[in-house]
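S.K.: next comes the sequence, and after it the predicted model I'd like to discuss.
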Amino acid sequence: MTRTTYYTATTLDGFIADPDDSLAWLLRQPQDEGGGPQSYDDFIKRIGALVMGSTTYEWVLAHLERTGEEWFYSQPSWVMTSRDLPVPGGADVRFASGPVTDVYDALRDAAGDLDIWVVGGGDLAGQFADAGLLDDVIVSVAPVTLGAGRPLLPRRLELRLVETAPNGAFVTARYEVDGPLLEDRAG
Ligand SMILES: NC(=O)c1ccc[n+]([C@@H]2O[C@H](COP(=O)([O-])OP(=O)(O)OC[C@H]3O[C@@H](n4cnc5c(N)ncnc54)[C@H](OP(=O)(O)O)[C@@H]3O)[C@@H](O)[C@H]2O)c1
């Protein structure tokens, strides 16, 4: 069955980008050679569709512009936005806005037997959690604190630790989402 997974790197103090959307703190961190636990190469093989917010998308567009690289993803990619944004050549990018429940069926259909990746940001992952549609959170925790920035997952949730392992400079962990924080549940 298709699972919806928020897979991301984070600082130790729970930020996925600095206040200026820089990922320099992340990109310099060493990872295990040949993959290792929770590696991107293993993860992306299980993904059939992905969804991201527009800040993340614009970071990717700026990165492609800066480096001359091609669009990263072969999977259909949804971008949540209220704006008109460009699409790089060869990219299967679809725009949507409004409740994530409105795009979920299309994501699941596109994913087929594979999983859905919520790329970020944190609030978008939170929107899936709010709708009861977020199954897993996989984090790679970098040995960095920023004090401020874009939050990892600004919600009150219960999660279950399923696995953890070091990978290069990172501690990686996979959690299953249980639902709202126990204290917030009625009754
Ligand atoms: N550490 C990592 O591995 C990692 C992973 C992913 C992202 N990042 C970085 O983290 C930062 C994330 O930025 P962010 O927190 O601002 O989040 P974001 O989710 O990338 O972008 C937020 C924006 O997406 C649009 N949006 C979100 N939900 C929507 C909805 N339901 N309907 C319509 N539009 C919607 C809104 O903008 P508009 O409507 O104005 O377009 C909103 O302001 C970026 O810098 C990104 O590069 C890091």
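M.R.: That came through, no problem. Numbering: from 1, shown residues only.
S.K.: now do the contacts for residue 168.
M.R.: 29, 30, 31, 32, 36 (CB atoms under 8 Å, 6 or more residues apart in numbering). Every residue, glycine included, has its C-beta placed from N, CA and C.
S.K.: in the single longest helix found in the chain, what's buried?
M.R.: Of all the segments of type helix in the chain, defined by DSSP state H, the longest one is helix 54-67. Under the neighbour-count criterion of 16 or more other CB atoms under 10 Å, helix 54-67 has 54, 56, 57, 58, 59, 60, 61 buried.
S.K.: same check, this time on stretch 87-102
M.R.: Per 16+ other CB under 10 Å, stretch 87-102 contains these buried residues: 91, 93, 94, 95, 100.
S.K.: for the closest residue in space to residue 29 that isn't next to it in sequence, report the pLDDT, please.
M.R.: Distance criterion CB to CB, 6 or more residues apart in numbering; nearest residue to residue 29, sequence neighbours excluded, is residue 169 at 4.4 Å. pLDDT recorded at residue 169 is 98.
S.K.: over to the one 5 residues further on?
M.R.: Residue 174 carries a pLDDT score of 98 in this model.
S.K.: now do the one 5 residues further on
M.R.: Residue 179 is assigned a pLDDT of 97 by the prediction.
S.K.: I'd say it and residue 157 touch.
M.R.: Yes. Residue 179 lies in contact with residue 157 (CB atoms under 8 Å); the separation is 7.1 Å.
S.K.: and the residue in the chain positioned nearest to the ligand, how far is that from residue 176?
M.R.: Of all residues in the chain, the one sitting closest to the ligand is residue 53 (1.8 Å; CB to the nearest ligand atom). Plainly put, residue 53 is 23 Å away from residue 176 if you go by CB to CB, to the nearest Å.
S.K.: of the two, who's got more company?
M.R.: Using other CB atoms under 10 Å, the more surrounded residue of residue 53 and residue 176 is residue 53, with 21 against 15.
S.K.: in which helix or strand does the residue nearest the centre of the chain reside?
M.R.: Nearest to the mean C-alpha position of the chain, by CA atoms, centre = their mean, lies residue 119 at 2.5 Å. Here residue 119 sits within strand 115-120, counting by DSSP states H and E.
S.K.: go on, residue 124?
M.R.: Short version, using DSSP H and E: residue 124 is in helix 122-130.
S.K.: helix or strand right after that helix?
M.R.: Per DSSP H and E, the helix or strand that comes after helix 122-130 is strand 136-142.
S.K.: just how off-centre is that following strand within its chain?
M.R.: What separates the centre of strand 136-142 from the centre of its chain is 9 Å, taken as CA atoms, centre = their mean, to the nearest Å.
S.K.: tell me the helix or strand right after that strand.
M.R.: Next along from strand 136-142, by DSSP H and E: strand 150-151.
S.K.: before we move on, the earlier item: most neighbours, which of the contacts of residue 168?
M.R.: Result: residue 31 is most packed of those (other CB under 10 Å), 18 neighbours.
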